[in-house]
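>>> Generate coordinates for the sequence data below:
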Amino acid sequence: MKKAIFNWSGGKDSALCLYHCLNDKEIEIKYLLTTLSQQHDRISMHGTRKELLQLQAQNIGIELREIYLPESASMEIYDEIIKKALNEFKNEGIEYSIFGDIFLEDLKKYREDRLAEVQMKGLFPL
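Next up, the predicted model:
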């Protein structure tokens, strides 16, 4: 069984990816993970309100973990915040991080490199 976190953006690609993962008996999703803007209290990726995000997670039935990012965070700050969270997940025995990105090779490599720093692996079902 692959214990995983699911990087939830609240968008259609994320929903399609989650659908595939929930139908895969080899994957156990422990948490939905979403980054939000500290200043705007909205999903960083799409600008979706926090209240809608929380309703999505509640209806999906998977615990939501929120990470707040400072306004105009540099890549170094972003990487530091995410690495800290990934280490916490790793300490819980979670070894995989799932992404619903529509395939972009450079983004996939970036994600795999960051995950390797904390001995985790990426899953890219789409």
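>>> what distance separates the longest strand belonging to the chain from the centre of its chain?
Longest strand in the chain by number of residues, with DSSP state E as the criterion: strand 27-37. Centre-to-centre, strand 27-37 and its host chain are 5 Å apart (Cα atoms, centre = their mean, to the nearest Å).
>>> Buried residues in the helix or strand that comes right after that strand, which are they?
Helices and strands here follow DSSP states H and E; after strand 27-37, the next one along the chain is helix 50-60. Using 16 or more other Cβ atoms under 10 Å as the test for burial, helix 50-60 gives 50, 53, 56-57, 60. C-beta: built from backbone N, CA, C; applies to glycine.
>>> what mean pLDDT would you report for helix 50-60?
Mean pLDDT, computed over helix 50-60, is 92.
>>> So which residues make contact with the longest strand of the chain?
Surrounding strand 27-37, the residues in contact under the criterion Cβ atoms under 8 Å, 6 or more residues apart in numbering are 1-10, 18, 21-22, 42-45, 50, 53, 57, 60, 62-69, 71, 82, 85, 89, 92, 94, 96-98, 123.
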